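*Asks:* sequence and predicted model, in that order:
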Amino acid sequence: MDKKIQVGIIILVILALIAGYFALTPQYKEIEMSGYAFEVPGSNAEVKNNTINYNTYLDSENDLNIKTWACKDINDINGTVTCSMEMATQLRENMGNNVTYNNITLYNKSGIYTYYEADVNNSCMIIITSKNLNEIEHILETMKKPQINIVDSSQFNMTTSGLIINDSNNNTTSNNQTTTTSSSSTKKTSSSSKSSSSSNNGYRWSEQYGDYIKEYTDSNGVQHIDSKKGYRSSYNPKTGEFKEKNYDKLS
């Protein structure tokens with residue numbers, strides 16, 4: 001066989017092997033979200049800059065859903081409120097059993113995995129949902145967290161709904177672009193006025209929960225949400241532990 005033909009065959013074989021390698025090896029791209037930087041599987045999906053603090057990334061091709069929040073601007077109330085509701089929904093819908101995979105603790109609900117972290121010290125949080133554990137592992141291995149610490153972490157009340165910017169000095173909570181201040185004083189009212197008042201005793205109407213809820217922090221720093229229908233949830237910002245019960249009563 002002619003040497004030129006032999007060389008040509010060898011080159012074609014090498015090219016075929018290279019093409020096969022790239023076809024079988026996952027390809028990644030680096031993205032930035034709310035100051036986070038990490039690698040995700042290559043696709044046509046793009047980061048959505050919802051607000052300066054809140055970003056989302058939805059890759060339908062790879063069944064990958066990421067939401068991030070970081071305090072770049074303390075005045076971004078819209079971003080905080082939207083993040084609170086959407087992260088809470090994603091976490092609640094995918095909250096299954098706690099599992100550990102390669103030293104990564106996450107939730108497993110029927111083969112759908114969700115990683116959630118709220119970093120109080122750096123004022124940032126992230127939630128990742130995927131059917132592929134390797135995708136989540138690669139994201140965390142390549143992750144660089146936001147280097148943002150423009151406000152003291154005590155200004156943030158990380159509840160099961162995400163983050164609520166609050167002023168701990170006067171117990172004022174900013175939510176849904178309004179300010180609700182709880183008062184320690186009480187007024188005597190008639191039984192008829194009590195029955196007609198649907199938001200007394202610290203309760204307020206929440207469109208997100210579809211019920212009247214009361215938010216408070218106990219002496220241990222654990223943050224609670226109680227609803228009149230019986231839903232209960234708690235979040236410990238020190239440990240990241242989240243608990244809820246009677247969620248079905250909200251439906």
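*Replies:* That came through, no problem.
*Asks:* all contacts plus neighbour counts: C-alpha atoms, from now on.
*Replies:* Noted.
*Asks:* could you pull out the helices in the stretch 51-200 of the chain for me?
*Replies:* 77-93, 133-141, 191-196 (DSSP state H, counting those that start in this stretch).
*Asks:* where does pLDDT dip in the stretch 101-250 of the chain?
*Replies:* 148-200, 207-208, 237-242, 247-250 (pLDDT under 70).
*Asks:* looking at it, Asn65 is touching Tyr57, isn't it?
*Replies:* Yes. Counting by Cα atoms under 8 Å, Asn65 touches Tyr57, with 5.9 Å between them.
*Asks:* rewinding a little: which one, of the helices of the stretch 51-200 of the chain, ends up nearest to Arg232?
*Replies:* helix 77-93 (13.0 Å; Cα to Cα).
*Asks:* how about that closest one as PDB, C-alpha atoms only?
*Replies:* Output of helix 77-93 as PDB, limited to C-alpha atoms (Å, rounded to 0.1, in the frame of the first residue of the first chain):
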ATOM      1  CA  ILE A  77     -36.300  44.900  47.400                       C
ATOM      2  CA  ASN A  78     -38.000  43.600  44.300                       C
ATOM      3  CA  GLY A  79     -35.200  41.100  43.700                       C
ATOM      4  CA  THR A  80     -35.300  39.900  47.300                       C
ATOM      5  CA  VAL A  81     -39.100  39.400  47.400                       C
ATOM      6  CA  THR A  82     -39.100  37.600  44.100                       C
ATOM      7  CA  CYS A  83     -36.200  35.400  45.100                       C
ATOM      8  CA  SER A  84     -37.900  34.600  48.400                       C
ATOM      9  CA  MET A  85     -41.000  33.200  46.700                       C
ATOM     10  CA  GLU A  86     -39.400  31.400  43.800                       C
ATOM     11  CA  MET A  87     -36.600  29.800  45.700                       C
ATOM     12  CA  ALA A  88     -39.100  28.600  48.400                       C
ATOM     13  CA  THR A  89     -41.200  27.100  45.700                       C
ATOM     14  CA  GLN A  90     -38.300  25.300  44.000                       C
ATOM     15  CA  LEU A  91     -37.100  24.000  47.400                       C
ATOM     16  CA  ARG A  92     -40.500  22.900  48.600                       C
ATOM     17  CA  GLU A  93     -41.400  21.100  45.300                       C
END
